[in-house]
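Asker: Show me how the following folds:
(one chain, ligands or ions: 1)
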Amino acid sequence: MFDPYEVRRDFPILDRRVGGKRLIYFDNAATSQKPIQVIEAVSNYYRYYNSNVHRAVHTMSQEASQLYEDAHEYVARFIGADSYREIIFVKNATEAINLVAYSLGLHEFGEGDEVLVTLMDHHSTIVPWHIISKVKGFKIRYVNVTGDGHIDMDDLESKLSSRTRILCVPHVSNVLGTINDVAEMAKMVHEVGGYILVDGAQSVPHIPIDVKKLGIDFLAFSGHKMLGPMGIGVLYGREDILEDMEPFLGGGDMISSVHLEPGVGFRIEYNDLPWKFEAGTPNVAGAVGLMEAVKYLERLGMENVHSYERELVRYAMGLMDGLDGVEVYGPRDPGERAGVVAFNVRGIGGHEAASLLDDYGIMVRSGHHCAQPLHDRFGITNSARASFYIYNLKEEIDIFIDALKEIVVVSSEL
Ligand SMILES: Cc1ncc(COP(=O)(O)O)c(C=O)c1O
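Answerer: Coordinates of the predicted model:
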């Protein structure tokens, strides 16, 4: 097991105070903090290596290109992809999902086709498919979520058909924390000839992932939620599918040639994978930072990360369940969830609860967490959310629970 106290020493931000209180950062599902190794990797890149990639023969461009390509290799290995050709660097999970929606949906889907999205999905999945369905006329169907916070597998089964072109599903819900059985869902959708796009924004940072063992076609995730910098994200795609897909954005580096053919127009050949999907100057420093984040997580071991977070969530839920006036959403069994706990305090909204917790130096997110259909499903408009990561401690959860107890009393007097 890794030692969370030792891990904490790598995160300079954890030394800061908020309103005179020691910082307790429980907003890791929104973005994680960065270890000194990542901060230094980004800073060293700009200090010693900064140059554009894939564009010049000079030494610095060669070095920057090598770093950028190494980052693809590291990420490929981290998630069990066959090769770097299956790893496309984008801005974030949102852009990764948009890439699939535009490259597949806009070019290949049409009237009579169906896209399945779950009620647990983030707006970054729901909205791109909605936009493209308006243009192409395919139908979006929603898979229900059960009262105990799981995807309703019977409902999924009943909605799968030969019309299903793709199933979009979060690996881990950013509200309920539910870990979904995406391997089973991949089998189900493949049987009807559809693809599966897994939103890994809340799983890749927290649980061991092997895309080949899961049997999934696409996986989207963000670097900033897994110790890496903001502005870098990843789309994993199965190589044979990516080969056949149209590009998302056009521009420099995603082509191998562009020529004017008189009487025809421009004759354009696209570049090899993954560059065909990486138009324009990329975020090289972000890629270098992400590579360092991957190295950091690999040193800890993703099995250790997962089991430590499970311990934290079990501890937190055990204490929260005993609190009168606090409602926790999602699966009751902590073994079925990742380190995300959404809750409400009776009599006050999520924002009020979060702002009262802020007075104790505790950072939690509040609102609809970009999952309004899911909140509608549970008949609530918002919630507060505590989400844990490798540097959080049981002692911090104790402080959080004591603060919640006081907030319950205050809110009952309002
Ligand atoms: C499940 C899920 N999907 C997608 C996203 C979007 O991530 P980003 O804003 O980094 O694109 C988030 C972010 O909170 C998320 O939790």
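
Asker: So what does G350 look like in phi/psi?
Answerer: phi -60, psi -40 (degrees, to the nearest 10).

Asker: Next up, the contacts around it.
Answerer: Contacts for G350 (C-beta atoms under 8 Å, 6 or more residues apart in numbering) come out as N344, S366, G367, N382, S383, A384, R385. For the C-beta atoms, the positions are set from N, CA and C on the backbone; glycine is no exception.

Asker: okay, these in a markdown table with distance to L273 and pLDDT next?
Answerer: As requested, the contacts of G350 are exported to a markdown table (distance: C-beta to C-beta, whole Å; pLDDT from 0 to 100):
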| residue | distance to L273 | pLDDT |
| --- | --- | --- |
| N344 | 45 | 95 |
| S366 | 41 | 93 |
| G367 | 38 | 91 |
| N382 | 41 | 93 |
| S383 | 40 | 94 |
| A384 | 42 | 96 |
| R385 | 37 | 97 |
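
Asker: show me where the stretch 201-350 of the chain has strands.
Answerer: Assigned by DSSP state E, counting those that start in this stretch, the stretch 201-350 of the chain shows strands spanning 218-222, 233-237, 255-261, 265-270, 326-328, 340-345.

Asker: How far away from the center of its chain is the shortest one?
Answerer: Once both centres are worked out by C-alpha atoms, centre = their mean, to the nearest Å, strand 326-328 turns out to sit 25 Å from its chain's centre.

Asker: what's next to it, contact-wise?
Answerer: With contacts defined as C-beta under 8 Å, 6+ apart, strand 326-328 is touched by M317, M320, D321, V341, A342, F343, N344, V345, R346, L404, V408.

Asker: Repeat the analysis, applying 7 Å as the threshold.
Answerer: M317, M320, D321, V341, F343, N344, V345, L404, V408 (C-beta atoms under 7 Å, 6 or more residues apart in numbering).

Asker: so the last one is in which element?
Answerer: Under the criterion of DSSP states H and E, V408 resides in helix 394-412.

Asker: Tell me which stretches of the stretch 1-150 of the chain form helices.
Answerer: 4-8, 36-44, 59-78, 93-100, 107-108, 123-136 (DSSP state H, counting those that start in this stretch).

Asker: now for the fourth one, which elements pack on it?
Answerer: Okay, so that is helix 93-100. In terms of contacts (3 or more C-beta pairs under 7 Å, 6 or more residues apart in numbering; DSSP states H and E), helix 93-100 is packed against helix 123-136, strand 195-199, strand 218-222, strand 233-237.

Asker: can you list those in a markdown table and add mean pLDDT and mean neighbour count?
Answerer: As requested, the helices and strands packed on helix 93-100 are exported to a markdown table (pLDDT from 0 to 100; neighbours: other C-beta atoms under 10 Å):
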| stretch | mean pLDDT | mean neighbour count |
| --- | --- | --- |
| helix 123-136 | 97 | 18 |
| strand 195-199 | 98 | 26 |
| strand 218-222 | 98 | 29 |
| strand 233-237 | 98 | 28 |
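
Asker: Of those, give the one that comes closest to E395.
Answerer: strand 218-222 (28.7 Å; C-beta to C-beta).

Asker: Report the inter-axis angle for that closest one versus helix 123-136.
Answerer: Between the axes of strand 218-222 and helix 123-136, defined by axes from the mean of the first three to the mean of the last three C-alpha atoms, to 10 degrees, the angle is 130 degrees.

Asker: List the contacts of strand 218-222.
Answerer: 79, 92-93, 96-97, 100, 195, 197-201, 204, 211, 233-237.

Asker: neighbouring contacts of the helix holding V408?
Answerer: 24, 26, 312, 315-316, 319, 323, 325-326, 345-348, 353, 356-357, 360, 362, 386.

Asker: any idea how far that helix is from the chain center?
Answerer: Worked out by C-alpha atoms, centre = their mean, helix 394-412 lies 29 Å from the chain centre.

Asker: Show me which parts of it are buried, residue by residue.
Answerer: For helix 394-412, the neighbour count (16 or more other C-beta atoms under 10 Å) marks E396, I397, I399, F400, I401, A403, L404, I407, V408, S411 as buried.
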